[in-house]
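S.K.: sequence first, predicted coordinates after that:
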Amino acid sequence: MSARQSSTLLIGNYDNAGRQWLPAKKPIEVQGHDFPGPEVPRAFPYGIYDIGRNAGFVNVGTDHDTGAFAVASIRGWWRAEGKRIYPDASRVLITADGGGSNGSRLRLWKLELQKFADQTGLSLAVCHFPPGTSKWNRIEHRLFSFISSNWRGEPLRDYETIVKLIAKTTTAKGLKVTCRLDRRKYPTGRKVSDDEMKGLNMERNKFHGEWNYVIRPKTKR
């Protein structure tokens, strides 16, 4: 690897579940079958986890969870933290699940990564976890699990609550989490043509190139 500095990122998505003890006869009113309550906001949290720094960056989307949104989340991390922490980096290694908005077969994910590489001059090495093995991804154990534990049973009434609960997540080993709200639109149904795919500056690895590849900038910066 030619970079003098680099960052390893783990990315993915998660949901909320669990229970929490409350004082007797003091329930929290939320939307349900017997009580209409306030409508729970539509939120799509997308996480980036920096292994070396034990730091998470979560982008909470309000529109759709698409490949464009996934890459926008990584771009947001780079602009907010990455380029400051790793000023000499020329290459970033990203490990991701094999499905979802960062799926190994998703054309839009790769097209948006090419745009990101062109904008920043970074080479993006991507390694997808094979189908059925995403539980091995450290982001599940070192970021998402603690977020889920921190907000377990908490009613997600509004975006402010969601962002605050995520940002408050810490661990005894020093995990820190930054969270931001993304209100931009990410429409679904974007078709990526064969010609657009041929225009990618992408090199597949000899070992399972469908899961391991590098996307480089089309021009040197």
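M.R.: That came in fine, so what should we check first?
S.K.: low pLDDT regions in the protein?
M.R.: 1-40, 220-221 (pLDDT under 70).
S.K.: which parts of it are helices?
M.R.: Here the chain has its helices, by DSSP state H, at 67-77, 83-85, 107-120, 138-139, 145-150, 159-167, 194-198.
S.K.: list the buried residues of the longest one.
M.R.: Pointing back at helix 107-120 there. For helix 107-120, burial by neighbour count (16 or more other CB atoms under 10 Å) applies to 107-114, 116-118, 120. Any C-beta I mention is one placed from the backbone N, CA and C, and that applies to glycine too.
S.K.: returning to what we had before: deepest-packed of the helices of the chain, please.
M.R.: helix 67-77 (a mean of 23; mean count of other CB atoms under 10 Å).
S.K.: give the contact list for the residue nearest to residue 65 when sequence neighbours are not counted.
M.R.: Distances taken as CB to CB, 6 or more residues apart in numbering place residue 44 nearest to residue 65, at 4.3 Å, with adjacent residues excluded. Applying CB atoms under 8 Å, 6 or more residues apart in numbering to residue 44 gives the contacts 13, 60-65, 69.
S.K.: identify the bridge partners of residue 44.
M.R.: residue 61 (DSSP bridges).
S.K.: how far away is it from residue 100?
M.R.: Noted for residue 44: a distance of 10 Å to residue 100, by CB to CB, to the nearest Å.
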